[in-house]
Structure formats: C-alpha cells, structure tokens
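> no sequence on this one, just coordinates:
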C-alpha cells in the first residue's frame with residue numbers, strides 16, 4: 001500500500017503513488033513519550049503554527065497564500081497513542097494537472113517547508129499576542145469537557161480505572177500547564193521537537209518521490225532521536241468493582257461501565273476482540289442495542305467501545321438514572337450470554353460484514369488510508385484492507401467466546417440529575 005523510505009535515524013517516509021485522488025496529501029507526525037508539560041506546549045503550538053510564519057507573519061497573509069495555492073489546506077493538531085504524544089501536520093493540495101501552474105507542487109512544498117523551518121519566531125520567541133490568544137483557545141477546549149456530559153462521564157470512568165496511566169491523560173495537557181506556556185518556552189519546545197522527536201511522513205498522490213525526499217531532507221538533519229520505550233498497559237488486581245455516582249444538572253443519566261482485557265492492538269487475538277465488541281455493542285444489530293435499548297427500553301442510547309491501545313472495553317449508555325441497577329444487570333446479562341456461547345451465526349456474519357464495510361469506507365479517503373496504515377503497519381508486513389478483512393472473516397465463534405471471556409469488570413460510573421421531580 002505504501003512504499004517505505006527509511007531516510008535517517010528516527011525518520012520514516014511512506015509514499016503511496018496513486019491517481020485515485022485529484023489531490024496530493026502529506027501527513028507528518030512527530031512522536032515523543034508523553035508528559036504533561038510537553039503535551040501542553042505542543043497543544044498550544046498546534047494552534048500557533050497554523051496561524052502564521054516568518055514569511056507570512058499575520059493570519060490573513062498566511063491564509064491568503066494558501067488560497068493562492070488553489071485552496072490548499074494546512075492543519076496542525078495533537079493526538080495521543082499508547083505512551084506517545086503526537087504532533088500532527090496535515091496538508092493537501094490539488095494535483096498539478098488540474099491547475100495552470102507548472103510550479104504548483106514546488107510552491108506548495110516550499111510553503112509547507114517554510115511553515116516548519118521558518119515559523120513566526122523572533123529573538124527566540126513566538127509572537128506574544130498569538131501565543132496568548134491560542135493559550136486561551138486551548139484552555140477553553142480543556143474546559144469544554146465539562147459541558148459535554150457524555151465525554152465528562154467517560155473521562156470520569158477512565159480516571160477511576162487508570163488514574164496514573166497514559167490513557168487518562170489529556171492530549172492537551174493540563175489547564176495549569178497551558179497557562180504556564182510562554183512565547184520563549186514554546187519556541188524552545190518546538191526546536192526540541194524538530195531535533196529529537198520520531199518523525200513519520202505519509203504522502204498519498206501522483207507525485208515525484210524524489211521531490212518529496214529532497215524537500216524534507218533539510219528538515220530531518222542534525223537529529224538526536226532516541227527510541228520511545230515500549231508501552232505495556234497497566235493491569236491492576238481487581239478484587240471489587242469500583243462504583244461511583246455524581247450529580248449534575250442533567251435530565252438523562254450517563255452510565256459508563258469499564259472492563260479490562262489482556263488483548264491489545266498487537267495481540268494475535270485482536271481481530272477476535274474486534275468482532276466480539278461488534279456483537280456486544282458496536283453496531284445496531286448488537287446485543288446491547290437490541291436487548292437493552294429496543295427490547296427492554298432501558299437505554300436511550302447504548303454502545304460499547306474497544307480501546308485496543310490500552311486493553312480496555314467500555315460501555316456507555318443514556319438511561320433513566322433511577323433504573324441504574326436494572327440497566328447494569330441487563331448489560332451484565334448480555335456479556336454473560338456471549339461468554340456462555342449464546343452467539344447467533346447471523347450476529348457473527350453481520351458483524352464481520354460491517355467491519356469490512358467500515359474499513360472499505362475509510363480507505364475511500366486519503367486520511368483514512370494514512371491513519372489505517374499507521375495503525376496496522378507494525379503488525380502487518382504488507383498491510384492491506386483485504387488482509388484485515390480476511391483476518392476478521394477467519395475469526396470463529398469459539399475465538400469470539402474466548403475473547404469476551406477475558407473481560408474483567410472494573411468500574412461503574414453514573415452521572416445523574418439532582419432530583420426526580422423534573423427540576424433536573
């Protein structure tokens with residue numbers, strides 16, 4: 001799917017030459033081991049870097065140049081994977097054959113390189129007004145989790161289960177550490193990122209591969225890269241299921257239940273757990289949806305999610321909080337049914353078909369191709385959608401049963417309203 005070019009230590013370039021799309025797209029990922037201080041700086045940086053550059057020092061000038069490049073886009077963001085914090089730069093432009101400029105690719109790549117190599121930094125500091133504004137924006141994003149009750153309830157569950165693990169850390173850092181970012185410290189962290197982070201570059205489109213290599217070679221020189229330590233999920237010894245309830249100004253209760261499993265992304269049983277999750281609560285035909293929501297009318301919404309990086313499975317539902325105990329019993333029953341082997345052939349086949357459709361749909365987009373390849377490349381020598389679909393299709397009912405039997409229930413969190421008289 002992608003051709004691999006190991007350019008230097010700590011730098012991997014993957015190119016997929018294709019005429020499938022009318023665009024050429026580049027995704028750059030800088031990875032380092034997660035810590036809250038660098039996460040806060042990189043979160044602010046993700047807003048600042050796409051605002052301006054040395055050559056285009058205002059937002060208006062910077063965006064006007066992108067418009068001149070036939071509406072090219074450049075977006076920066078941060079994410080988290082296992083014990084890694086990831087700084088992302090995504091840029092896309094229309095293919096040269098659809099425009100009138102023969103130098104379009106060169107101009108686009110120059111703009112991209114200048115954004116990275118020559119940011120809007122003077123005297124060792126990013127622009128103070130820009131940093132102040134974007135810090136405020138990141139703080140608002142951190143605080144927004146409290147307004148989204150579904151996200152808040154989920155975060156509370158994860159904090160109960162893994163308070164000291166990477167899974168419970170915010171990709172944006174903490175509000176206090178974001179506030180502590182200065183224009184000078186931001187420039188220092190950016191310089192460190194360019195010199196020391198693991199860099200992975202993905203390119204999709206019909207473009208000269210050597211042009212890509214030549215463009216990015218100056219960016220990858222003089223690196224001090226050190227391998228990021230291998231992540232192993234923490235698995236506590238669970239003697240009793242934790243239970244916690246919290247009151248908030250809501251009308252619909254938010255029930256979240258957390259389970260651990262030794263099956264992670266890199267386990268040979270991974271495909272079986274994906275299928276098991278699909279049957280349990282991943283799709284509309286799932287046991288949770290059909291039995292808890294439709295048959296028993298115990299939930300307004302309900303689904304399960306398999307967090308494969310961290311060996312966790314969560315169930316989230318919107319319920320009448322006064323029916324919490326009954327809802328939990330019904331959910332427990334669905335898992336027990338699967339563990340006893342009560343899985344219909346139709347449920348198994350529908351799940352496999354929907355998983356296959358989901359990956360085919362994802363591969364219809366450039367971003368989907370990049371993200372999927374990045375996720376699976378370590379476990380597939382030659383990753384392809386068909387290879388993954390064949391792996392799902394080979395999963396037996398017995399393997400699904402064995403996978404769901406690895407679940408250990410750890411925590412139940414309920415976010416409920418204050419009174420039952422309609423006040424909330």
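That came through fine. None of the values given here were measured: they were computed from a predicted structure.
> and residue 24, what element?
Applying DSSP states H and E as the criterion places residue 24 in strand 23-33.
> strand 23-33 and the next helix or strand after that strand, what's the angle between them?
Using DSSP H and E, the next helix or strand after strand 23-33 towards the C-terminus is helix 36-48. Angle, helix 36-48 to strand 23-33, by axes from the mean of the first three to the mean of the last three Cα atoms, to 10 degrees: 160 degrees.
> what sits up against helix 36-48?
Residues outside helix 36-48 that contact it (Cβ atoms under 8 Å, 6 or more residues apart in numbering) are 32, 76-78, 80, 85, 87-88, 119-120, 126-127, 130-131, 134-135, 137-138, 169-174, 177-178, 180-181, 185-186, 189-190, 193. Any C-beta I mention is one placed from the backbone N, CA and C, and that applies to glycine too.
> any idea how far the lengthiest helix in the chain is from the chain center?
For the chain, the longest helix by residue count, based on DSSP state H, is helix 345-362. Computed by Cα atoms, centre = their mean, to the nearest Å, the chain-centroid distance of helix 345-362 equals 21 Å.
> in it, what's buried?
Across helix 345-362, burial judged by 16 or more other Cβ atoms under 10 Å covers 347-348, 350-352, 354-356, 359.
> redo these as a markdown table? Include distance to residue 93.
Formatted as a markdown table, the buried residues of helix 345-362 follow (distance: Cβ to Cβ, whole Å):
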| residue | distance to residue 93 |
| --- | --- |
| 347 | 44 |
| 348 | 44 |
| 350 | 40 |
| 351 | 39 |
| 352 | 38 |
| 354 | 34 |
| 355 | 33 |
| 356 | 32 |
| 359 | 26 |
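> could you dump these to TSV with pLDDT and distance to residue 59?
Supplementary listing: the buried residues of helix 345-362 in TSV, determined by pLDDT from 0 to 100; distance: Cβ to Cβ, whole Å:
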residue	pLDDT	distance to residue 59
347	97	52
348	97	52
350	97	48
351	97	46
352	97	48
354	97	42
355	96	42
356	95	43
359	91	38
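> of the residues you listed, closest to residue 334?
residue 347 (11.4 Å; Cβ to Cβ).
> run a quick neighbour tally on the closest residue in space to that closest one that isn't next to it in sequence.
Distances taken as Cβ to Cβ, 6 or more residues apart in numbering place residue 279 nearest to residue 347, at 5.1 Å, with adjacent residues excluded. A total of 25 residues lie near residue 279 under the criterion other Cβ atoms under 10 Å.
> distance check, residue 25 against residue 39.
The span separating residue 25 from residue 39 equals 26 Å under the rule Cβ to Cβ, to the nearest Å.
> quick one: secondary structure of the spatially most central residue of the chain?
Of all residues in the chain, the one closest to the mean position by Cα atoms, centre = their mean is residue 79, 5.8 Å from it. Taken by DSSP: H, G, I helix; E, B strand; the rest coil, the conformation at residue 79 corresponds to strand.
> distance of it from residue 146?
Taken as Cβ to Cβ, the span from residue 79 to residue 146 is 21 Å.
> residues touching residue 321, list them.
Applying Cβ under 8 Å, 6+ apart to residue 321 gives the contacts 253, 255, 414, 416-417.
> which of the residues you listed has the most neighbours?
residue 255 (27 neighbours).
> and stretch 231-245, average pLDDT?
Mean per-residue pLDDT for stretch 231-245: 89.
> name the residues of that stretch that are buried.
Buried, per 16+ other Cβ under 10 Å, within stretch 231-245: 231, 233.
> same thing with stretch 145-164?
Result for stretch 145-164 [16+ other Cβ under 10 Å]: buried residues 145, 149, 152-162.
> fine, thanks again, bye for now.
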